[in-house]
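**Q** coordinates only, sequence not included:
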């Protein structure tokens with residue numbers, strides 16, 4: 001009877017399948033490891049004083065230190081106040097993928113009473129370890145639907161089922177079997193065969209099948225380029241690979257040369273006020289959310305030396321040049337970005353895509369202006385903190401000043417706009433929000449230029465001024481006269497206020513953008529942070545919403561990035 005039963009098992013058993021969002025890998029060869037990242041960050045719900053509410057976010061070390069002691073552990077080990085292993089937030093679900101034990105539901109009823117279904121590792125390298133949870137449904141709703149996501153993190157509906165490591169297994173009996181649908185996250189690094197074994201009550205193996213899985217640190221899945229991360233130092237002219245945060249013997253990650261010349265490469269440029277770990281958090285969030293949209297190309301980030309630590313009104317007194325100093329570094333980082341784009345375009349000809357956020361659009365805009373030919377297929381400016389007049393001097397004036405608007409007319413009154421000849425990308429797309437909180441403060445910063453001298457709090461800044469007869473100049477012990485093009489970056493950063501709104505707050509920008517735009521409220525659709533119909537999407541959160549909160553709330557944003565109105569890579 002056992003032989004006949006085993007024949008029935010083999011005839012009906014479909015095997016083990018790993019379903020990772022958009023791909024199904026069933027009974028694949030050992031050489032074809034399914035690679036997924038470890039869930040080693042801190043995705044938690046934290047209070048935002050600017051927005052007056054709790055928001056899911058990826059925490060940096062300073063924020064982690066303010067958590068209760070028992071919560072100061074990575075998400076892969078997170079427990080609640082009762083010591084129960086749970087998923088800490090809806091945001092953390094972007095670090096989980098699916099496990100489907102196909103065919104088992106159909107077989108359970110035919111198994112002998114004391115049969116077992118065991119998940120274990122075989123042929124391991126390192127310590128591949130995963131945590132298993134029951135899935136709320138068989139699809140990817142936990143990644144795309146807020147209601148499903150909320151149910152998925154409910155430990156009553158979707159309990160923790162156990163940890164599978166080289167020394168630990170998860171075993172079900174015929175009586176405890178619930179479903180063949182699970183989700184899991186990576187806990188420790190390594191690779192091996194995740195093996196399902198069906199055995200009778202006497203331990204006789206009835207069927208077995210294996211899927212080959214590799215768990216890695218996410219920093220081993222994308223490239224991190226930097227022209228420096230110290231704001232007091234000038235940016236390099238050539239980007240180098242970043243080595244921070246690399247664990248154990250691993251070398252900083254770089255891709256091997258692409259085998260397919262059509263392989264796309266998306267390069268992300270961050271904005272202002274970011275520590276190195278914040279830059280990594282935003283980059284890794286972008287990587288994960290592009291992954292869950294089905295993007296199978298390559299990804300990298302470009303880091304530049306922005307100021308950081310600016311988080312209160314006190315900083316406005318003690319570090320008032322933080323923003324303008326960072327803007328100066330942003331303009332100067334354009335050369336390094338251009339050189340990296342040229343390098344990437346030589347490896348991925350015609351398939352390099354540039355994605356920049358906030359002040360990162362100063363870096364991106366300058367790189368594309370300096371390019372003599374196309375180095376990027378498409379450039380998407382997200383909430384761009386750069387004058388709209390740089391591209392289109394016909395957009396509305398926000399204000400007028402006694403200083404000339406050299407963004408709109410560079411560098412004489414009859415000249416075209418600063419970026420008028422920008423040809424570094426084949427297409428330019430503006431993702432804008434006219435109610436953007438941070439870009440409202442950008443207007444305030446512009447209105448304070450030229451930056452007069454500051455003396456106090458141990459700081460002595462040089463003073464910048466303008467006169468109709470002498471032009472722009474600064475006083476730092478003596479008087480220095482500033483002129484174009486030699487001092488362009490210094491004038492833009494400290495002297496010349498923009499008459500226009502920021503690119504990321506302006507509709508209908510032409511020039512290089514040719515009116516190609518996405519009105520972000522039409523992508524986000526609803527704003528749960530306010531009931532005031534006149535102030536939708538005006539909270540601080542929305543300036544970087546695509547990197548914050550949970551993935552279900554931002555799924556449409558990233559779908560738009562890859563869609564026909566964005567990079568057209570779907």
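**A** Perfect, I can see it now. On a predicted model such as this, the values are computed, not experimentally measured, just so you know. Numbering: from 1, shown residues only.
**Q** What are the neighbouring residues in contact with residue 224?
**A** 241-242, 252-253, 280, 283, 300-301, 303 (CB atoms under 8 Å, 6 or more residues apart in numbering). Every residue, glycine included, has its C-beta placed from N, CA and C.
**Q** Any stretches of this protein with poor pLDDT?
**A** Applying pLDDT under 70 to the chain picks out residues 1-31, 312-318, 454-460.
**Q** Can you classify the spatially most central residue of it as helix, strand or coil?
**A** For the chain, the residue nearest the mean C-alpha position is residue 286 (2.4 Å; CA atoms, centre = their mean). Classification of residue 286 using DSSP: H, G, I helix; E, B strand; the rest coil returns helix.
**Q** any idea how far the nearest residue to it once chain neighbours are set aside lies from residue 361?
**A** Leaving aside its chain neighbours, residue 286 sits nearest to residue 268 (5.2 Å; criterion: CB to CB, 6 or more residues apart in numbering). As for residue 268, its distance to residue 361 is 12 Å (criterion: CB to CB, to the nearest Å).
**Q** same thing with residue 566?
**A** Taken as CB to CB, the span from residue 566 to residue 361 is 15 Å.
**Q** What residues of stretch 373-390 count as buried?
**A** If you call a residue buried by 16 or more other CB atoms under 10 Å, then stretch 373-390 has these buried ones: 374-390.
**Q** try stretch 153-169
**A** Applying 16+ other CB under 10 Å to stretch 153-169 flags 153, 158, 161-166, 169 as buried.
**Q** Could you do stretch 550-565 as well?
**A** 550-555, 557-562, 565.
**Q** isn't residue 383 right up against residue 431?
**A** Yes. Using CB atoms under 8 Å, residue 383 is in contact with residue 431, at 6.7 Å.
**Q** domains for this protein, by residue range?
**A** With domains defined by automatic domain parsing, the chain comprises 2-216, 219-449+502-562, 455-495.
**Q** can you put these in JSON lines and add distance to residue 570?
**A** As requested, the domains of the chain are arranged in JSON lines below (distance: least, CB to CB, whole Å):
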{"stretch": "domain 2-216", "distance to residue 570": "10"}
{"stretch": "domain 219-449+502-562", "distance to residue 570": "5"}
{"stretch": "domain 455-495", "distance to residue 570": "36"}
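**Q** So which of those domains is the most surrounded?
**A** domain 219-449+502-562 (a mean of 20; mean count of other CB atoms under 10 Å).
**Q** Closest one of the contacts of residue 224 to residue 220?
**A** Within those, proximity to residue 220 (CB to CB) peaks at residue 253, which comes in at 4.8 Å.
**Q** Need the contact partners of stretch 525-534.
**A** By CB under 8 Å, 6+ apart, stretch 525-534 touches 51, 53, 521, 536-539, 541-542, 556.
**Q** at 10 Å instead, please
**A** Residues outside stretch 525-534 that contact it (CB atoms under 10 Å, 6 or more residues apart in numbering): 48, 51-53, 55, 146, 435, 521, 535-542, 545, 549, 553, 556.
**Q** out of those residues, which are inside strands?
**A** 48, 53, 55 (DSSP state E).
**Q** tell me which of those is nearest to residue 487?
**A** Using CB to CB, the ones in strands among the contacts of stretch 525-534 come closest to residue 487 at residue 48, 38.8 Å.
**Q** What's the separation between that closest one and residue 162?
**A** Residue 48 is 35 Å from residue 162, by CB to CB.
**Q** mind listing the helices for the stretch 401-550 of the chain?
**A** With DSSP state H, counting those that start in this stretch as the criterion, the stretch 401-550 of the chain has helices at 437-447, 488-494, 520-524.
**Q** Give the other helices and strands that the shortest one contacts.
**A** The one in question is helix 520-524. Contact partners of helix 520-524 among helices and strands, from 3 or more CB pairs under 10 Å, 6 or more residues apart in numbering; DSSP states H and E: strand 425-432, helix 551-562.
**Q** again, 6 Å this time
**A** helix 551-562 (3 or more CB pairs under 6 Å, 6 or more residues apart in numbering; DSSP states H and E).
**Q** So which residues make contact with the helix it packs on?
**A** Contact partners of helix 551-562, identified using CB atoms under 6 Å, 6 or more residues apart in numbering, comprise 94, 143-146, 149, 289, 293, 295, 523, 546, 566, 569-570.
**Q** could I get the residues you listed as a markdown table with distance to residue 417 and secondary structure?
**A** Listed next are those as a markdown table, based on distance: CB to CB, whole Å; DSSP: H, G, I helix; E, B strand; the rest coil:
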| residue | distance to residue 417 | secondary structure |
| --- | --- | --- |
| 94 | 39 | helix |
| 143 | 42 | helix |
| 144 | 40 | helix |
| 145 | 44 | coil |
| 146 | 42 | helix |
| 149 | 44 | helix |
| 289 | 33 | helix |
| 293 | 34 | coil |
| 295 | 33 | coil |
| 523 | 27 | helix |
| 546 | 27 | helix |
| 566 | 24 | coil |
| 569 | 30 | coil |
| 570 | 33 | coil |
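**Q** so which of these comes closest to residue 441?
**A** Nearest member of those to residue 441, counting by CB to CB, is residue 546, at 19.0 Å.
**Q** where's that closest one relative to residue 217, distance?
**A** 23 Å.
**Q** Next: residue 339.
**A** 28 Å.
**Q** what's near enough to touch residue 147?
**A** Residue 147 neighbours (CB under 6 Å, 6+ apart): none.
**Q** quick revisit: take the buried residues of stretch 153-169 and lay them out in JSON lines including distance to residue 469 and secondary structure.
**A** Below are those laid out as JSON lines (distance: CB to CB, whole Å; three-state DSSP):
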{"residue": "153", "distance to residue 469": "66", "secondary structure": "coil"}
{"residue": "158", "distance to residue 469": "72", "secondary structure": "coil"}
{"residue": "161", "distance to residue 469": "77", "secondary structure": "strand"}
{"residue": "162", "distance to residue 469": "78", "secondary structure": "strand"}
{"residue": "163", "distance to residue 469": "75", "secondary structure": "strand"}
{"residue": "164", "distance to residue 469": "76", "secondary structure": "strand"}
{"residue": "165", "distance to residue 469": "75", "secondary structure": "strand"}
{"residue": "166", "distance to residue 469": "77", "secondary structure": "coil"}
{"residue": "169", "distance to residue 469": "82", "secondary structure": "coil"}
